[in-house]
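> Quick one, what's the 3D model for this:
(chains A and B)
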Amino acid sequence: MFRRYLLRRLVHVIVLFAGISAFSFVLLELAPGDFLGEAKLNPQMSPATLAALREQYGLNKSLGQKYLSWIGSAARGEFGISFAYNLPVSKILRPRVSKTLQLTLSSLLLSWFIAVPLGVWSAAAHNGFVDRAVGVAISALLATPDVVLACLALLMAVRLRAFHSANPVLPVAVLTLGALPILLRHVRAALLDVANQPFAQVARANGISGAGLWFGCLLPAAVNPLTSLFGLSVAGLISSSLLVEVLLGWPGVGPLFVEAIAARDFYLVVDSVMLSALFLSGGTFLADILLYVFDPRIRMEL
Amino acid sequence: MDSLNSPRRALAVHGLTKTYHAQRSWLSLKRIEFNWSLCARSKKIDSARMSYLSVVHALRGVDLELPAGKTLAIVGPSGSGKSTLARCIAGLLQPTSGEIWFGDQSLLPARAAHRYVQLVFQDPGASLNPRFTVADALLEPLRAAQSSTRSSCFSVAEGLQQVGLPAALANRLTSQLSGGQKARLAVARALAALDPDGPAILILDESLGSMDLCVRAQMINLLVDLQDQRALTYILISHDVSLAAHMADEIAVMAEGIIVKREPRVSWTGISPHV
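Numbering: from 1, shown residues only, chains lettered A, B, ... in the order given. Down below sits the predicted model:
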């Protein structure tokens, strides 16, 4: 049964990738202008040179031909050639992705490691001082746009002169503060949801209390929505840090993506989108696997 | 068995009260105070009366004595405090004031209550953790007590057989059981948590209300048999007077947080059911 599930999942992913790649090709084709749009305005460029360049970059090809040649190039592991860098896209993306993952993975781990215990504490002290304080902090953070947080981080960096631009502390802090309130809210709500269930009362009535109750009984019971949420945060590993990277000058995928869109660097844009899609489907897949691991009911069903 | 015949007291409750403060935001509390102060001026309500009315009085001084091995039914309209009383006795709620005695042992504070008093919930299905297997559910109270000697001599198969469930169910998930099986398992779990040698109290909080007639009849027979075998004392909380009249030795009527009437079963037969 599990093998059949994996197979179904694989088919999903293939259909998803085909759809997203086709969709981004069409959208990019519909967008006005191409990579040589600026060169066209340059009086020093002769029309013959332009035509030769168009030919070289394959800009004259029809959409279908472009798509097919992109698939062929993907099969060779190149995923198209970037016009601006004149290099295979895979070579450009690889160091950028590792830079972005440095940022997002550490903020993912940090925010979950803070959110789970703090959410449990907050739920256990329901309506108490800690809960109120956490609630106020959550509301304040939710109401602060990431841009403002990033600008504050910039201000701090400038004033303190302590953070080199290659220092990941500030971007990680901004990303964590951005993700934390949502996670905290979900953890707290999921726990409060199960805390009043009759089976939780039974556990209490049987003398289970404190950490044993919250981490041993209630957290496992509340883990399903949190697992899906975890899948979503894995899905955002590539795309969630775009703004922060651009604002704080972190050499990850974010600035590259923005540049590529502005320059109409066709394959670079497509591949960045595909990379996000890869993480999205990977994240949901991971969430499904974790649900299977955590929830005996699903294990029995499959 | 001897506790059945002796008129020994199993449970005594003296002057039990439970009040809830209405949980409102700071602003609305201010508003209520303001309204009350207007009332106080116009209707001459004194401040003691005002503070009495600003909290919910779920129990207002319940006194109850229960001989071992008997069944007491508590009936009464919704909101009369039946469930609150049950939860206080079972140690799920901390009463505001009053005493609860099990034999000559105080059950307050409620930490040790679960060995002597167990509550079977209104919806037995919801009271079972859906991730647990049947065996897990039975062993949970023993694991919580961390008494390895008790859990080693406790047999899951025996616990199941006691309530008429096949031992083969032990590795099923509780969420896979039928309603009747869940009800039996809830009783088995309560029994497993109780001290196996001494007297004990089982509170059935509307536990039979959600079952169809056939399952309910089976459960009643099961409960009656268990009472004979294990010298159990039952507190049966119900809307259903005919059920109470069938099972109980005594019937107490609760209204507005106190027991207003308490009589042996005999005087109740013949009264039309479903008051």
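> drop to CA atoms for contacts and neighbour counts, all remaining ones
Will do.
> Hmm, residue B:99 is touching residue B:16, no?
Yes. Using C-alpha atoms under 8 Å, residue B:99 is in contact with residue B:16, at 6.3 Å.
> neighbour-wise, which of the two wins?
residue B:16 (22 against 19; other C-alpha atoms under 10 Å in any protein chain shown).
> separation between the nearest residue to the more buried one once chain neighbours are set aside and residue B:233?
Using C-alpha to C-alpha, 6 or more residues apart in numbering or on different chains and skipping residues adjacent in sequence, the residue nearest residue B:16 is residue B:98, 4.1 Å away. According to C-alpha to C-alpha, to the nearest Å, residue B:98 and residue B:233 sit 21 Å apart.
> Now do the same contact list for residue B:114.
Residue B:114 is in contact with A:205, A:206, A:207, B:90, B:91, B:193, B:194, counting by C-alpha atoms under 8 Å, 6 or more residues apart in numbering or on different chains.
> What is the burial count for the third one?
By other C-alpha under 10 Å, the residues close to residue A:207 number 23.
> Pop out the phi and psi values for it.
The phi/psi pair for residue A:207 (degrees, to the nearest 10) reads phi 90, psi 10.
> Give me the pLDDT value at the residue of chain A found nearest chain B.
Going by C-alpha to the nearest C-alpha, chain B is nearest to residue A:199 of chain A, at 3.9 Å. The model reports residue A:199 with a pLDDT of 89.
> who's in contact with it?
Residues near residue A:199 by C-alpha under 8 Å, 6+ apart: B:126, B:127, B:128, B:129.
> for residue A:112, same thing?
Counting by C-alpha under 8 Å, 6+ apart, residue A:112 has contacts A:180, A:183.
> Could you do residue B:221 as well?
If a contact means C-alpha under 8 Å, 6+ apart, then residue B:221 has no contacts.
> try residue B:11
By C-alpha under 8 Å, 6+ apart, the contact list for residue B:11 reads B:64, B:65, B:66, B:67, B:68, B:100, B:101, B:102, B:103.
> Give the partner strands of the host helix or strand of it in its sheet and their orientations.
If you go by DSSP states H and E, residue B:11 is part of strand B:9-21. Sheet partners assigned to strand B:9-21 using DSSP bridges are listed as strand B:55-67 (antiparallel), strand B:97-102 (antiparallel).
> Please name whichever of those strands is nearest to residue B:238.
strand B:55-67 (17.0 Å; C-alpha to C-alpha).
> which residues do residue B:99 and residue B:16 both contact?
By C-alpha under 8 Å, 6+ apart, no residue touches both residue B:99 and residue B:16.
> For residue A:284, give me its contacts.
Residue A:284 is in contact with A:228, A:231, A:232, A:235, counting by C-alpha under 8 Å, 6+ apart.
> Helices - which of those residues land there?
Assigned to helices by DSSP state H, the following of the contacts of residue A:284 qualify: A:228, A:231, A:232, A:235.
> Out of those, flag the one nearest to residue A:80.
Nearest to residue A:80 out of these is residue A:235 (C-alpha to C-alpha; 23.9 Å).
> So what's the predicted local confidence for the closest one?
Note on residue A:235: pLDDT of 90.
> tell me which residues in the longest helix anywhere in chain A are buried?
The longest helix of chain A (DSSP H) is helix A:89-124. For helix A:89-124, a neighbour-count test (16 or more other C-alpha atoms under 10 Å in any protein chain shown) marks A:89-90, A:92-93, A:96-97, A:99-101, A:103-108, A:110-112, A:115-124 as buried.
> Stretch A:219-230 too?
Applying 16+ other C-alpha under 10 Å to stretch A:219-230 flags A:219, A:221, A:222, A:223, A:224, A:226, A:227, A:228, A:229, A:230 as buried.
> close to chain B, is it?
Yes. Among the residues of stretch A:219-230, residue A:221 lie within reach of chain B under C-alpha under 8 Å from any C-alpha of the partner chain.
> Quick check: residue A:252 vs residue A:149, distance?
Here residue A:252 is placed at a distance of 19 Å from residue A:149 (C-alpha to C-alpha).
> Name the residue in the two with the higher neighbour count.
When residue A:252 and residue A:149 are compared for neighbours, residue A:252 comes out ahead with 24 against 20, by other C-alpha under 10 Å.
> hang on, that one packs against residue A:96?
Yes. In this structure, residue A:252 is within contact of residue A:96 by C-alpha under 8 Å, at 4.4 Å.
> helix/strand/coil for residue B:73?
In three-state terms, and counting by DSSP: H, G, I helix; E, B strand; the rest coil, residue B:73 is strand.
> Tell me the bridge partners for it.
Bridge pairing for residue B:73 (DSSP bridges) gives the partners residue B:236, residue B:251.
> Give me the neighbour count for it.
For residue B:73, the count of nearby residues is 30 (other C-alpha under 10 Å).
> before we move on, what about the one 10 residues further on?
Using other C-alpha under 10 Å, residue B:83 has 21 other residues around it.
> Could you check how far it is from residue A:71?
To residue A:71, residue B:83 is 68 Å away according to C-alpha to C-alpha.
> what's the answer for residue B:95, then?
Noted for residue B:95: a distance of 72 Å to residue A:71, by C-alpha to C-alpha.
> So which of these two has more stuff around it?
Between residue B:95 and residue A:71, residue B:95 has the larger neighbour count (other C-alpha under 10 Å), namely 23 against 16.
> Help me confirm that that one comes into contact with residue B:17.
Yes. The pair residue B:95 / residue B:17 is scored as a contact, 6.0 Å apart, by C-alpha under 8 Å.
> Near chain B, which residues of the stretch 51-200 of chain A? Just list them.
Close to chain B, as judged by C-alpha under 8 Å from any C-alpha, the stretch 51-200 of chain A has residues A:197, A:198, A:199, A:200.
> From the residues you listed, which land in helices?
The helices, defined by DSSP H, take in A:198, A:199, A:200 from these.
> which ones are touching the residue nearest the centre of chain A?
With distances taken as C-alpha atoms, centre = their mean, the residue of chain A nearest its centroid is residue A:236 (1.4 Å). For residue A:236, the contact set (C-alpha under 8 Å, 6+ apart) comprises A:276, A:279, A:280.
> Which one (most neighbours) among those?
Tallying neighbours with other C-alpha under 10 Å puts residue A:280 at the head of the contacts of residue A:236, with 22 neighbours.
> Tell me which residue in the stretch 101-250 of chain B sits closest to chain A.
Residue of the stretch 101-250 of chain B nearest chain A, by C-alpha to the nearest C-alpha: residue B:127 (3.9 Å).
> Quick check: phi and psi at that residue.
When read as degrees, to the nearest 10, the backbone of residue B:127 gives phi -80, psi 0.
> could the strands paired with strand B:9-21 go into CSV alongside mean pLDDT and distance to residue A:66?
As requested, the strands paired with strand B:9-21 are exported to CSV (pLDDT from 0 to 100; distance: least, C-alpha to C-alpha, whole Å):
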stretch, mean pLDDT, distance to residue A:66
strand B:55-67, 87, 73
strand B:97-102, 89, 81
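> Same list, those strands, but as a markdown table with distance to residue B:222 please.
Converted to a markdown table, those look like this (distance: least, C-alpha to C-alpha, whole Å):
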| stretch | distance to residue B:222 |
| --- | --- |
| strand B:55-67 | 21 |
| strand B:97-102 | 24 |
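> Surely residue A:218 touches residue A:191?
Yes. Counting by C-alpha under 8 Å, residue A:218 touches residue A:191, with 6.5 Å between them.
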